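Colleague: A predicted structure for the sequence below; I have some questions about it.
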Amino acid sequence: MNYKLGYLARLIALDMSCDRVYCELQVSIPYGLYLGFRRRYSQPLGNNVAGVDVNRANLAIVDRRGVLRDIKTLSLSITCIYHVRDGQRRSLLRKVVHDVLKNAYFHGV
(Lines give C-alpha, C1' and ligand atoms only; values in the text may rest on other atoms or scores of the structure.)
Protein backbone atom coordinates (compact mmCIF):
# COMPACT_ATOMS: atom_id res chain seq x y z
CA MET A 1 0.00 0.00 0.00
CA ASN A 2 1.17 3.46 -0.76
CA TYR A 3 -0.12 6.00 1.76
CA LYS A 4 1.05 9.48 2.55
CA LEU A 5 1.84 10.44 6.11
CA GLY A 6 0.12 13.30 7.81
CA TYR A 7 -3.42 12.79 9.03
CA LEU A 8 -5.89 15.15 10.62
CA ALA A 9 -5.65 14.95 14.42
CA ARG A 10 -7.33 16.93 17.17
CA LEU A 11 -7.51 17.01 20.95
CA ILE A 12 -10.86 17.61 22.62
CA ALA A 13 -10.79 18.80 26.22
CA LEU A 14 -13.38 16.76 28.12
CA ASP A 15 -12.80 18.01 31.63
CA MET A 16 -10.46 20.56 33.17
CA SER A 17 -9.33 21.26 36.69
CA CYS A 18 -6.68 23.58 38.03
CA ASP A 19 -3.89 21.01 37.57
CA ARG A 20 -5.20 18.52 34.96
CA VAL A 21 -6.89 18.39 31.61
CA TYR A 22 -8.64 15.21 30.45
CA CYS A 23 -8.57 15.00 26.67
CA GLU A 24 -9.76 12.78 23.89
CA LEU A 25 -7.50 12.26 20.88
CA GLN A 26 -9.19 11.83 17.51
CA VAL A 27 -7.18 10.91 14.43
CA SER A 28 -8.67 10.75 10.93
CA ILE A 29 -7.07 8.19 8.64
CA PRO A 30 -7.95 7.13 5.09
CA TYR A 31 -10.64 4.46 4.94
CA GLY A 32 -8.46 2.25 2.75
CA LEU A 33 -5.74 2.22 5.40
CA TYR A 34 -8.28 1.22 8.02
CA LEU A 35 -9.59 -1.60 5.85
CA GLY A 36 -6.08 -2.82 5.14
CA PHE A 37 -5.00 -3.12 8.77
CA ARG A 38 -7.97 -3.06 11.17
CA ARG A 39 -10.83 -4.81 9.41
CA ARG A 40 -11.85 -7.99 11.18
CA TYR A 41 -14.60 -9.24 8.88
CA SER A 42 -14.59 -8.96 5.13
CA GLN A 43 -17.94 -10.42 4.10
CA PRO A 44 -21.13 -11.24 6.00
CA LEU A 45 -21.62 -14.91 6.81
CA GLY A 46 -25.08 -15.09 5.25
CA ASN A 47 -27.82 -13.22 3.47
CA ASN A 48 -29.90 -12.08 6.46
CA VAL A 49 -31.16 -8.63 7.43
CA ALA A 50 -31.22 -7.16 10.94
CA GLY A 51 -33.21 -4.44 12.63
CA VAL A 52 -31.73 -2.81 15.73
CA ASP A 53 -33.41 -0.74 18.44
CA VAL A 54 -30.48 0.88 20.22
CA ASN A 55 -32.61 2.52 22.91
CA ARG A 56 -33.71 -0.86 24.27
CA ALA A 57 -30.79 -2.93 22.88
CA ASN A 58 -33.05 -5.20 20.82
CA LEU A 59 -31.96 -7.07 17.70
CA ALA A 60 -34.26 -8.87 15.24
CA ILE A 61 -32.80 -10.93 12.41
CA VAL A 62 -34.85 -12.04 9.38
CA ASP A 63 -33.85 -13.78 6.19
CA ARG A 64 -34.62 -12.52 2.67
CA ARG A 65 -37.95 -14.41 2.62
CA GLY A 66 -39.14 -12.59 5.76
CA VAL A 67 -38.76 -15.50 8.17
CA LEU A 68 -37.75 -14.39 11.66
CA ARG A 69 -34.46 -16.11 12.48
CA ASP A 70 -33.48 -14.71 15.86
CA ILE A 71 -34.43 -12.13 18.47
CA LYS A 72 -31.86 -10.90 20.94
CA THR A 73 -32.36 -8.47 23.82
CA LEU A 74 -29.18 -7.44 25.56
CA SER A 75 -29.36 -6.52 29.20
CA LEU A 76 -29.00 -2.79 29.59
CA SER A 77 -30.11 -1.57 32.97
CA ILE A 78 -31.75 1.83 32.62
CA THR A 79 -31.10 2.62 36.28
CA CYS A 80 -27.44 1.81 35.74
CA ILE A 81 -27.29 4.13 32.71
CA TYR A 82 -28.80 7.09 34.56
CA HIS A 83 -26.61 6.79 37.64
CA VAL A 84 -23.19 6.82 36.00
CA ARG A 85 -21.05 9.62 34.67
CA ASP A 86 -21.12 10.64 31.01
CA GLY A 87 -17.88 8.87 30.08
CA GLN A 88 -18.99 5.62 31.68
CA ARG A 89 -22.43 5.93 30.10
CA ARG A 90 -20.92 6.30 26.63
CA SER A 91 -18.65 3.35 27.31
CA LEU A 92 -21.58 1.15 28.39
CA LEU A 93 -23.64 2.15 25.35
CA ARG A 94 -20.73 1.50 23.00
CA LYS A 95 -20.25 -1.95 24.53
CA VAL A 96 -23.93 -2.77 24.00
CA VAL A 97 -23.82 -1.57 20.37
CA HIS A 98 -20.64 -3.62 19.84
CA ASP A 99 -22.31 -6.73 21.26
CA VAL A 100 -25.39 -6.21 19.06
CA LEU A 101 -23.30 -5.81 15.91
CA LYS A 102 -21.11 -8.80 16.78
CA ASN A 103 -24.19 -10.96 17.37
CA ALA A 104 -25.70 -9.77 14.08
CA TYR A 105 -22.53 -10.61 12.14
CA PHE A 106 -22.38 -14.15 13.47
CA HIS A 107 -26.03 -14.66 12.51
CA GLY A 108 -25.23 -13.88 8.89
CA VAL A 109 -26.14 -10.19 8.68
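Modeller: Structure's in. What do you need?
Colleague: now the residue nearest to residue 27 when sequence neighbours are not counted: phi and psi?
Modeller: The shortest distance from residue 27 to any residue other than its chain neighbours is 4.7 Å, reached at residue 9 (C-beta to C-beta, 6 or more residues apart in numbering). C-beta here means a position set from N, CA and C on the backbone, and glycine is covered the same way. Note on residue 9: its backbone torsions stand at phi -130, psi 150 [degrees, to the nearest 10].
Colleague: ok, residue 9 touching residue 28?
Modeller: Yes: using C-beta atoms under 8 Å, residue 9 is in contact with residue 28, at 7.4 Å.
Colleague: helix, strand or coil for the residue minimising distance to the centre of the chain?
Modeller: Centroid check for the chain by C-alpha atoms, centre = their mean gives residue 98 as the closest residue, at 4.5 Å. Classification of residue 98 using DSSP: H, G, I helix; E, B strand; the rest coil returns helix.
Colleague: can you classify the residue sitting furthest away from the middle of the chain by secondary structure?
Modeller: What lies farthest from the middle of the chain is residue 18; by C-alpha atoms, centre = their mean that is 33.4 Å. At residue 18, secondary structure determined by three-state DSSP is coil.
Colleague: ok, now how distant is it from residue 92?
Modeller: 29 Å (C-beta to C-beta, to the nearest Å).
Colleague: same thing with residue 20?
Modeller: Counting by C-beta to C-beta, the gap from residue 20 to residue 92 is 24 Å.
Colleague: ok, residues contacting stretch 12-28?
Modeller: 7-11, 87 (C-beta atoms under 8 Å, 6 or more residues apart in numbering).
Colleague: quick one: which of those is nearest residue 36?
Modeller: residue 7 (14.4 Å; C-beta to C-beta).
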